[in-house]
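A.B. asks: Okay, sequence plus prediction incoming.
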Amino acid sequence: MSYRELVTRPVLAWSAVTLAGRLPVAMAPLALVFLVRERPGGYSLGAVLAAAYVLGEIVAAPVLGMRLNAARARPQLAAGLGAGAAGFAGLGLLPTAHPVVLAALAVLAGAGPAAVPGGLRALLTSLVPARAVTQAMSMESMLTFGIWAAAPALVTGLALGVAPAAPPLLMAGLMAVSVAGLRALPPGWHQEAGDGGGSTRRALLRVWPVYVLGAAGLTLLALAELILPALLEQRGIGIGWAGALLAGFSVGAAVGAFVYGLRGRWPGPLALQSLVLVLAVAAGVALVAVLPSVPGIAVALTAAGLLQAPASLARNLALRELLPPSALAAGYSVMYAAVGAGYAASGSLAGGLLKVAAPSTAILWGVGLTVLLTLIGAAGERRLLRRRDGDPSQEVTSATDPGPADAAVRKVRR
């Protein structure tokens, strides 16, 4: 199936809702820093607010994801986006409030829509035939990396050119628009009869190695984003290059997602694809730590980005194969929390290492942590696959097999 066949009214509506709902998420950490930077201790307070926002996401994503009703998910998604809009609106309208109030609003803004990415991904894969799932998820990845590439410039322009409160108010408006846009989407997605919450929890716990691999992949992104400015200073390179180099990473990731989706299936099992790709990205980030010039760093970062998106796609497709259809939305939400936790853990490690080691050394230590997590996740996933293949009672229905969802797709298209 080609990308052209994804150009249908439901998929286009889904893309518009996703754009409006995810752009605020991408803008949030930097917007919180700009919101309070002119107050005494503003940068430290901004970091605390950003941490509160991410904490809300990490804690709420699996909890709310488990509670999504597949057949009637739209009201739950709308409630989550509405809570996020309220949190951002409060931040924009009360920028001088007490830090505790701002932190509470940041937690609300992060926690409210935390299950929305997982729910929207489950909805997207229900809108296309099973044979087009890889292309659909590749398209989602391209959209996501495009959003993350544009968000910093949008926040900076609004905060400096209009007002520090402008980004949160825009983010609140965008989330409100996404709530209205949900009316153009189906109320939910297909779920097999008889699926229970207990079986969903057991299925989610069983695939823990995939979440470890997801966390490992995002530690590399955190290293690239958070230590790069310090590394450039260490090399005697202007810090202004950081934005362009990270943009190259994002562009490479978007290209990688597009190329991965050109084929419905790549050689080798998904578990092996994910392992090889994450290790290759780790090698690219390690090269960033040792290369002395801007051109070399640019090539290494762009190559790492080119492989980062396929690595993420392989993990999500592996999760789709290992989980029953009833657990997919919750599984995507847990993955969302896992990668957020990986990013936060790597950022904390990087901050600590920079106090006692050179930036290049800090990156190499972070890469070592990533490789360790990757090997642990890969070993666990290998045992999981062996157990599933050796015991038919452990097998789950592959969500990539054609089934009743295709009939639902045909109904939606009509």
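C.D. replies: In hand now; what should we look at?

A.B. asks: In space, what's closest to the residue nearest in space to the middle of the chain - neighbours in sequence excluded?
C.D. replies: In the chain, the centroid-proximal residue (CA atoms, centre = their mean) is Tyr336; its distance is 5.7 Å. Spatial nearest neighbour of Tyr336, chain neighbours left out: Ala61 (4.8 Å); criterion: CB to CB, 6 or more residues apart in numbering. C-beta here means a position set from N, CA and C on the backbone, and glycine is covered the same way.

A.B. asks: So that neighbour, which state does it fall into?
C.D. replies: helix (DSSP: H, G, I helix; E, B strand; the rest coil).

A.B. asks: gap between it and Ala311?
C.D. replies: 20 Å (CB to CB, to the nearest Å).

A.B. asks: re earlier: remind me what the helix or strand in which the residue nearest to the centre of the chain is found packs against, helices and strands.
C.D. replies: Tyr336 belongs to helix 328-354 when assigned by DSSP states H and E. For helix 328-354, the packing partners by 3 or more CB pairs under 8 Å, 6 or more residues apart in numbering; DSSP states H and E come out as helix 42-66, helix 116-127, helix 197-206, helix 208-235, helix 294-322, helix 359-390.

A.B. asks: dump the residue contacts of Ala271.
C.D. replies: 318, 378, 381-382, 385 (CB atoms under 8 Å, 6 or more residues apart in numbering).

A.B. asks: and which of the residues you listed is nearest Val11?
C.D. replies: Ala318 (23.1 Å; CB to CB).

A.B. asks: The residue lying closest to Gly42 once chain neighbours are set aside: what's it in contact with?
C.D. replies: The spatial neighbour of Gly42 that comes closest, neighbours along the chain excluded (CB to CB, 6+ apart), is Val36 at 4.8 Å. Residues in contact with Val36 (CB under 8 Å, 6+ apart) are 42, 45-46, 49, 95, 102, 164.

A.B. asks: now these as JSON lines including neighbour count?
C.D. replies: Below are the contacts of Val36 laid out as JSON lines (neighbours: other CB atoms under 10 Å):
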{"residue": "Gly42", "neighbour count": "15"}
{"residue": "Leu45", "neighbour count": "19"}
{"residue": "Gly46", "neighbour count": "21"}
{"residue": "Leu49", "neighbour count": "25"}
{"residue": "Pro95", "neighbour count": "16"}
{"residue": "Leu102", "neighbour count": "24"}
{"residue": "Pro164", "neighbour count": "20"}
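
A.B. asks: Lowest-confidence one in those residues?
C.D. replies: Minimum pLDDT for the contacts of Val36 is recorded at Gly42 (80).

A.B. asks: how far away is that one from Val48?
C.D. replies: 11 Å.

A.B. asks: before we move on, the earlier item: which ChimeraX command selects the buried ones in the contacts of Ala271?
C.D. replies: The following ChimeraX line selects those of those that are buried, judged by 16 or more other CB atoms under 10 Å:
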select :318,378,381,385
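
A.B. asks: any idea which of the contacts of Ala271 is closest to Leu231?
C.D. replies: Among these, and counting by CB to CB, the member closest to Leu231 is Ala378, at 28.2 Å.

A.B. asks: Name the nearest residue to the closest one, sequence neighbours excluded.
C.D. replies: Nearest to Ala378 is Leu275, by CB to CB, 6+ apart, at 4.6 Å.

A.B. asks: so the one you found touches Ile376, yeah?
C.D. replies: No: counting by CB atoms under 8 Å, Leu275 stays clear of Ile376, with 11.3 Å between them.

A.B. asks: what about those two, which has more around it?
C.D. replies: Between Leu275 and Ile376, counted using other CB atoms under 10 Å, Leu275 has the larger neighbour count: 24 against 14.

A.B. asks: any idea of the mean pLDDT in the helix or strand hosting the more buried one?
C.D. replies: Using DSSP H and E, Leu275 sits within helix 270-290. On average, the pLDDT along helix 270-290 is 89.

A.B. asks: in it, what counts as buried?
C.D. replies: Going by 16+ other CB under 10 Å, helix 270-290 has these buried residues: 270-271, 273-282, 284-289.

A.B. asks: Tell me which of the helices and strands packed on helix 328-354 sits nearest to Ala159.
C.D. replies: helix 42-66 (11.1 Å).

A.B. asks: can you give me how far that closest one is from the chain middle?
C.D. replies: Relative to its chain's centre, helix 42-66 lies at 14 Å (CA atoms, centre = their mean, to the nearest Å).

A.B. asks: between it and helix 197-206, how many degrees?
C.D. replies: Helix 42-66 runs at 130 degrees relative to helix 197-206, counting by axes from the mean of the first three to the mean of the last three CA atoms, to 10 degrees.

A.B. asks: Domains in this structure, by residue range?
C.D. replies: Using automatic domain parsing, the domains assigned to the chain come out as 1-133+144-190, 193-397.

A.B. asks: Can you tell me which of those has the worst average pLDDT?
C.D. replies: For the domains of the chain, where the average pLDDT is lowest is domain 193-397, sitting at a mean of 81.

A.B. asks: Show me how far that domain is from its chain's centre.
C.D. replies: 10 Å.

A.B. asks: Would you reformat the contacts of Val36 as TSV and include distance to Ala180?
C.D. replies: Output for those, formatted as TSV (distance: CB to CB, whole Å):
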residue	distance to Ala180
Gly42	34
Leu45	33
Gly46	31
Leu49	28
Pro95	26
Leu102	27
Pro164	27
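
A.B. asks: Helices of the stretch 51-200 of the chain, start to end?
C.D. replies: 74-93, 99-111, 116-127, 133-161, 166-181, 197-206 (DSSP state H, counting those that start in this stretch).

A.B. asks: Next, the angle from the last one to helix 359-390.
C.D. replies: Right, helix 197-206. Using the same axes, to 10 degrees: helix 197-206 against helix 359-390 is 130 degrees.

A.B. asks: Tell me which other helices or strands helix 197-206 touches.
C.D. replies: By 3+ CB pairs under 8 Å, 6+ apart, helix 197-206 packs against helix 42-66, helix 328-354.

A.B. asks: Could you identify which of the ones you listed is most buried?
C.D. replies: Most buried of the helices and strands packed on helix 197-206, by mean neighbour count (mean count of other CB atoms under 10 Å): helix 328-354, with a mean of 22.
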